[in-house]
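Participant: Here is a sequence together with a model predicted from it:
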Amino acid sequence: MSRRPLAVIGARLVDPSRGIDGPGGILVDGGRILDCGLHITAGALPERCEVLDARGLVLAPGLVDLRVVVGEPGAEHKERMDSAVAAAAAGGITAFAMLPDTEPPLDDPAMLESVARRARRLRSVKVFPWAALTRGCAGEQLAELRLLHEAGAVGFTDGNRAHADTRLLHRALAYASAFGGLVMEHPEDPFLADGGVMNEGWTAIRLGLPGIPRCAEAIWVERCVRLAEATGGRLHVAHVTTAEAIEVIRRAKDRGVAVSCDVTPHHLLLTEAEVEGYRTYAKVSPPLRTEEDLEALAAALADGTVDAVTSDHCPQDQDSKRLPFEQAAFGVVGLETLLAAGLELVHAGRLPLSRLIEATSTAPARILGLEAGTLAPGRPADFVLFDPDEAWTVTEAGLRSLSRNTPFEGRTFRGRVRCTFVDGRRVFDREEAEAGGGTSA
Amino acid sequence: MRPDTRPFAHRHLLGIEQLSREDVLFLLDLADGYVELNRRPEKKLSLLRGLTQINLFFESSTRTRTSFELAGKRLGADVVNMSVSTSAIRKGETLIDTAMTLNAMHPDVLVVRHADSGAVELLARHVRCAVINGGDGRHEHPTQALLDALTIRRRKGRIEGLTVAICGDLLHSRVARSNILLLTRLGARVRLVGPPTLLPRTFAAYGVEVYHDMREGLRDADIVMMLRLQTERMRGSFVPSTREYFHFYGLTYRQLEVTKPDVLVMHPGPMNRGIEIDGVVADDIHRSAILDQVEMGVAVRMACLDALTRARRAGA
C-alpha cells in the first residue's frame, strides 16, 4: 500500500457539504481525503505526489444513488452486481442503495450480508442494501427491522409495492423510530393505480390505455406523511411525480415532519407524450406526467422541497419490454444518465450546479446516513471528475448495464463523466474505457 | 363492375387516425360497389386469387371474423382462420414470435384482433404483408367505423352536418374511438352520452360534446349509436347494476321521443337486450339499422382488402 498520494488540481471544485464552489483541488492519500479546497493549487503540493490536471473539469463528491434495482439475486439475466457497479462507476456514482425486492427478497440479515459481501469483493462502487419492510416484501408481516438495521440496512421498503394496510405502515414507522430507522414508501394508492399503465388523461384516452389518476399520488403521500407525523418515524417518499404531491410534502416540511423525497431524471425531463406509439421504454412507475408537473418538480428541486435526484435504475430485458404496452414491465435504466440528465436543468438555467451536486450526492448520503457526499478532509476519497460541457449521445450499445431500456436513446446530453474514484482508487476512466473497446472499468 | 384501380397510400389499416378524409371517402366509394356485388347471386371475384389472408384472432369473435372470412373468399383469396384457443399463444409464445412465424409463411394480408391496445401496431412492425386491425384493446376498430359510416351514408345520403349520439361504455370501446375520429373527420356533429365512470370529461378533447344525461344527449339526434357494456374489460364495478344502467342509459322508445323523428338506431353488436337497448327498439325495422351494419361490414372489408393489396397485385 505504498501508493503515492494523488493530487487533482485546476478543477472547478463543487462541494455543497461545505458551501464551496470555485477553482480548487483535492489531495488524497491512503483512500482518504487529506485536504480539499480552493487552496490546493500547483504551487502547494507535497513531494512525490501524482498530479492530475483537471482544467475544464468539475470536481465533486461522488454521486449517491438512493434507489437501484440490481438483478442479483434472481434476475441475473437483467443485471448482475458487477454490471450494475460498472454502469454506476461510468455514471459518476460512487455509492448506491439497492432495493430489496429481489428473488428471494432481502428480508433476512444473512441475505443482506451476502449481497454486501458480493459488492465488496468487486472493490468498486459501494453498495448499501435497503432491507424489506415486510417478510417476502409481501406487505403483510413486518420483517425483523432492527436486526436488519444492525446488519447494515440503510432503511426499509418493499420497493414499488405501496402498503394498502395503513395500520402496518403506522406500526413500521413507530417501531423504526426507536432506532432512527428510515421507511421508504412508493407514492401511489394501489387501488386507484390498479391496472393502470400510464398517466390518466387525454393521451391515455386516445391510446386506449388504462390510466392512473394523478390524485392517487397526493392522497398516498398525505397519508404517509400523517403517519410519520403521528409516530415520529422517519419517512422517505420515493419518486414524487405530481405538483399536488409536492405541495403535500412542502406543507409537511413546514410543519416539521421528518420527511424527505426524491425525483427521477425521467420524471424531470419526460412527459406522458413519450408513450405515443406505445413505447414501452416510457412505461415507468409512477407514470410519466405532464409539462406542468415537470415545471413543479424542477422548481421544488431548486428550492429544496425535493431533497434528492435518484436514477430509479430498473433493468428490464427485451423480453420484458417488447410486448403490448399493457403487458410490458415497468422501469428504465438510469445509472449512466443520472448526472447528464441532471445537468440539462443546470444548462437550462433552472438549477445551480452546486444544488444538483447536493441533490445527487450530499442529500442522499445524509438521508441514508452514509459517510459520503462530501469532500471534507478525513472522509473516504469518493469523488467524480466530469466535463460539464462535453456533448454525447445516448445509445443502447454504449451502455454498460446488461439491460438497455433507456428512455433517453438518441438524446444528446451536455456533460459527461471523465473519472470516478472510490476510496482514492480510479474505478472508471473514460479514456481507458474507450481505448479498451468500451469494456467496463 | 367497373374496375377501380387507383392506388391506396397505406400499407396497413391500423386505425382511422392515420386516414385522411380522402382515404375514408375512397374506401366508402369502393365499398358501395361491393354492396351491389354482394346482393347478386354470383358473388365471387378473382381479384385476390393466389393471395393468402390469415385471420389471426387473439380475442374471440364470431361476426367480425366471419365477415372478414367472407370478404376474403368473395374476392378469391385463400383464407385461413387462426384463433387463440388453437394456437401457440396459450403455450407462452410472444406476440412478436407469432408475427415472425406467420410472416415466414408468406401471407399477403393479416387480419388481427388482440385484447391489448397497440398490439396490432406492434405486430405490424414485424411482418412484410399488409395488416388490417380487426380491433385492438380499447384503441381502434377501423373497419367497424367504416361500415358504420357506409351505413349512415346510404341511409341518410350524407354524413356531414348530421348529429350523431354515441351512447354507453365509451371508456372501454374501440368502436367509439374509431367512430369519433371518422365521423368528426367527415363533418358530423358528434355527441357522447354515458355515466361519468364510463365517459370521463377528457373525451371532450376529441372535439365532441359530452353528456351524462341521456335525454339531453339525444335531443335532435339524427343517429343514435349504442355501445355494449364491456364487462370483460372492467376492473371493479363502473355502474351499480345493469338494472340501474338500463333505467338511465338504456335506449327505449321513451328516450327516442326527443330525437329527430327519422332517427336511425345503430349497434355494433353483440347486443345485450334489456341492458343497453330495449329489444323492441332494436327490432324496429323503420329505425334500426343494425342488420344493415352487418351487411355493410362485408362490403367494407372487401374494399379494405382490395385497397391494401393493390400495390402487391400490381407488382406481381
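Facilitator: Nice, I can see it.
Participant: Can you spell out which helices and strands pack onto the helix or strand of chain A with the lowest mean pLDDT?
Facilitator: Lowest on mean pLDDT, DSSP states H and E among the helices and strands of chain A sits helix A:430-435, with a mean of 90. Judged by 3 or more CB pairs under 8 Å, 6 or more residues apart in numbering or on different chains; DSSP states H and E, the packing partners of helix A:430-435 are strand A:412-422. Where C-beta positions appear, they are placed from N, C-alpha and C, glycine not excepted.
Participant: Okay, buried residues for the strand it packs on please.
Facilitator: Buried residues in strand A:412-422, counted by 16 or more other CB atoms under 10 Å in any protein chain shown: A:F413, A:G415, A:R416, A:V417, A:R418, A:C419, A:T420, A:F421, A:V422.
Participant: helix, strand or coil for the closest residue to the third one other than its chain neighbours?
Facilitator: It refers to A:R416. Excluding the flanking residues, the one nearest A:R416 by CB to CB, 6 or more residues apart in numbering or on different chains is A:E390, at 4.3 Å. Under DSSP: H, G, I helix; E, B strand; the rest coil, A:E390 falls in the strand class.
Participant: what number of residues lie near residue 151?
Facilitator: As the question left the chain open, I've gone with chain A. Neighbours of A:A151 under the rule other CB atoms under 10 Å in any protein chain shown: 18.
Participant: That was the other one, I meant chain B.
Facilitator: B:T151: 23 neighbours (other CB under 10 Å).
Participant: which element is it on?
Facilitator: helix B:142-156 (DSSP states H and E).
Participant: what is the mean pLDDT for that helix?
Facilitator: Mean per-residue pLDDT for helix B:142-156: 98.
Participant: In the stretch 1-150 of chain B, what residue spans correspond to helices?
Facilitator: B:21-38, B:63-74, B:95-103, B:119-124, B:142-156 (DSSP state H, counting those that start in this stretch).
Participant: Looking at those, which is nearest to chain A?
Facilitator: Nearest of the helices of the stretch 1-150 of chain B to chain A, taken as CB to the nearest CB: helix B:119-124 at 4.0 Å.
Participant: Near chain A, which residues of the stretch 101-250 of chain B are found?
Facilitator: Proximity of the stretch 101-250 of chain B to chain A (CB under 8 Å from any CB of the partner chain) is limited to residues B:114, B:116-119, B:121-122, B:136-140, B:174, B:177, B:200, B:202-203, B:205, B:235-236.
Participant: are any of these buried, and which?
Facilitator: Buried members of those, scored by 16+ other CB under 10 Å, are B:114, B:116-119, B:121-122, B:136-140, B:174, B:177, B:200, B:202-203.
Participant: before we move on, back to that, and the least confident helix or strand of chain A, what's buried?
Facilitator: A:R430, A:A433.
Participant: on that earlier part again, was I right about the residue nearest to A:R416 contacting A:T412?
Facilitator: No. Counting by CB atoms under 8 Å, A:E390 stays clear of A:T412, with 10.7 Å between them.
Participant: May I have the predicted confidence score for the residue of the stretch 1-150 of chain A found nearest chain B?
Facilitator: Going by CB to the nearest CB, chain B is nearest to A:H77 of the stretch 1-150 of chain A, at 15.8 Å. At A:H77, the pLDDT value in this model is 95.
Participant: Next: B:S87.
Facilitator: In this prediction, B:S87 has a pLDDT value of 58.
Participant: Now do the contacts for the residue in the stretch 301-441 of chain A that chain B sits nearest to.
Facilitator: Residue of the stretch 301-441 of chain A nearest chain B, by CB to the nearest CB: A:P324 (3.5 Å). Counting by CB atoms under 8 Å, 6 or more residues apart in numbering or on different chains, A:P324 touches A:Y278, B:L95, B:H114, B:D116, B:S117, B:G118, B:A119, B:L122, B:G137.
Participant: how about a cut-off of 10 Å?
Facilitator: The contact partners of A:P324, by CB atoms under 10 Å, 6 or more residues apart in numbering or on different chains, come to A:209, A:278, A:280, B:58, B:94-96, B:114-123, B:136-137.
Participant: Residue of the stretch 51-200 of chain A nearest chain B, please.
Facilitator: Closest approach between the stretch 51-200 of chain A and chain B, counting by CB to the nearest CB: A:G195, at 4.6 Å.
Participant: quick one: that residue and A:E326 touch, right?
Facilitator: Yes. Between A:G195 and A:E326 there is a contact under CB atoms under 10 Å: 8.6 Å.
Participant: now the helices for the stretch 201-316 of chain B?
Facilitator: Secondary structure of the stretch 201-316 of chain B by DSSP H, counting those that start in this stretch: the helices cover B:214-218, B:242-249, B:279-282, B:290-308, B:310-315.
Participant: hmm, who's touching the last one?
Facilitator: Right, helix B:310-315. With contacts defined as CB under 10 Å, 6+ apart, helix B:310-315 is touched by B:4-11, B:47-51, B:108-109, B:129-130, B:306.
Participant: Report the separation between the nearest residue to A:G277 once chain neighbours are set aside and A:R255.
Facilitator: Spatially, and ignoring its direct neighbours in sequence, A:G277 is nearest to B:E121 (7.7 Å; CB to CB, 6+ apart). Plainly put, B:E121 is 49 Å away from A:R255 if you go by CB to CB, to the nearest Å.
Participant: before we move on, back to that, name the residues contacting each of A:G195 and A:E326.
Facilitator: Joint contacts of A:G195 and A:E326 (CB under 10 Å, 6+ apart) are A:P210.
Participant: of these two, who's got more company?
Facilitator: Just comparing A:G195 and A:E326: by other CB under 10 Å the higher neighbour count belongs to A:E326, 21 against 13.
Participant: returning to what we had before: so which of the buried ones among the residues of the stretch 101-250 of chain B next to chain A sit within strands?
Facilitator: Counted as lying in strands by DSSP state E, out of those, are B:H114, B:D136.
Participant: Confirm that the residue of the stretch 301-441 of chain A closest to chain B lies within a helix, as I assumed.
Facilitator: No. Counting by three-state DSSP, A:P324 falls outside a helix, being coil.
Participant: Contacts only, for the nearest residue in space to it that is not next to it in sequence.
Facilitator: Leaving out its chain neighbours, the residue that sits closest to A:P324 by CB to CB, 6+ apart is B:D116, at 3.5 Å. Shown in contact with B:D116 (CB under 10 Å, 6+ apart): A:208-209, A:278, A:323-328, B:58-59, B:95, B:122, B:136-139.
Participant: what about the residue nearest to B:V109 when sequence neighbours are not counted, neighbour count?
Facilitator: In space, and not counting its chain neighbours, B:V109 is closest to B:Q53: 4.4 Å by CB to CB, 6+ apart. Residues within reach of B:Q53, counting by other CB under 10 Å, total 26.
Participant: Report the contact partners of B:Q53.
Facilitator: By CB under 10 Å, 6+ apart, the contact list for B:Q53 reads B:68-69, B:71-73, B:75, B:77-81, B:107-111, B:129-130, B:132, B:305, B:309.
Participant: Among the residues you listed, name the ones in strands.
Facilitator: Assigned to strands by DSSP E, the following of these qualify: B:D78, B:V79, B:V80, B:N81, B:V109, B:L110, B:V111, B:A130, B:I132.
Participant: Can you tell me which of these is nearest chain A?
Facilitator: Using CB to the nearest CB, B:L110 comes nearest to chain A of those, at 15.8 Å.
Participant: If that closest one is in a bridge, with which residues?
Facilitator: For B:L110, the beta-bridge partners are B:I54, B:V131 (DSSP bridges).
Participant: What is the neighbour count of it?
Facilitator: By other CB under 10 Å, 25 other residues sit near B:L110.
Participant: now do the one 10 residues further on
Facilitator: Other residues lying near B:V120 total 31 when counted by other CB under 10 Å.
Participant: quick one, what contacts it?
Facilitator: B:V120 sits next to A:324, B:12-15, B:56, B:58, B:95, B:110-114, B:131-137, B:139-140, B:142 when contact means CB under 10 Å, 6+ apart.
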